[in-house]
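Trainee: Next input, structure requested:
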Amino acid sequence: MNAISKPPWTIESLESATLDAEAFNHEAHIYVGWLYLEHYPLTEAIEKFTSALRRLTLKLGVPGKYHETISWFYLLLIEERRSASTQHDWFAFRRENNDLFCRDENIIERYYSKVLISSDRARRSFVLPDRLANPT
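Mentor: Here you go, the predicted model:
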């Protein structure tokens with residue numbers, strides 16, 4: 001993604017399911033989640049974002065791709081990091097949080113065992129992590 005231009009994804013395109021599904025990659029999910037958190041309180045952002053994702057997967061005929069725990073988890077992490085940052089623009093957030101975007105070292109695996117995150121229960125409803133990300 002070009003750091004000079006604004007990402008093309010919007011809340012409206014997700015909610016109306018008019019975004020390009022092929023281009024709606026991991027970074028796009030994080031960006032739109034960040035947008036929701038910029039515009040709504042956390043609980044409302046979670047409800048709106050997850051509802052829109054469910055509608056999108058249903059429209060695309062792949063409702064099984066939606067994962068409740070992963071969706072909530074990323075929104076919670078995004079909010080935690082947004083609130084801790086002194087800068088409040090997307091490009092600063094992107095620069096400061098590379099681990100959210102790295103697919104080689106999946107952040108989910110630092111918090112969740114494969115057994116738990118792969119479970120039907122985690123797919124259907126939010127479950128708390130079963131690993132400590134940063135044990136002290």
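
Trainee: Secondary structure element holding the closest residue in space to Asn97 that isn't next to it in sequence?
Mentor: Leaving aside its sequence neighbours, Asn97 sits nearest to Arg81 (Cβ to Cβ, 6 or more residues apart in numbering; 5.5 Å). Placement of C-beta: from N, CA and C, glycine included. Using DSSP states H and E, Arg81 falls within helix 68-84.

Trainee: What is the subsequent helix or strand relative to that helix?
Mentor: helix 90-96.

Trainee: Sort out which residues of that next one are buried, please.
Mentor: In terms of neighbour count (16 or more other Cβ atoms under 10 Å), helix 90-96 has its buried residues at Trp90, Phe93, Arg94.

Trainee: coming back round to it: list the contacts of the residue nearest to Asn97.
Mentor: By Cβ atoms under 8 Å, 6 or more residues apart in numbering, the contact set of Arg81 is Phe93, Glu96, Asn97, Leu100.

Trainee: pLDDT wise, what is it at?
Mentor: Predicted confidence (pLDDT) for Arg81: 95.

Trainee: same question, the one 10 residues further on
Mentor: Note on Phe91: pLDDT of 93.

Trainee: same check, this time on Leu132
Mentor: 77.

Trainee: helix/strand/coil for it?
Mentor: The three-state assignment at Leu132 reads coil, by DSSP: H, G, I helix; E, B strand; the rest coil.

Trainee: returning to what we had before: between the buried residues of helix 90-96, which is closest to Tyr111?
Mentor: Lowest distance from Tyr111 to these (Cβ to Cβ) belongs to Phe93, with 19.7 Å.
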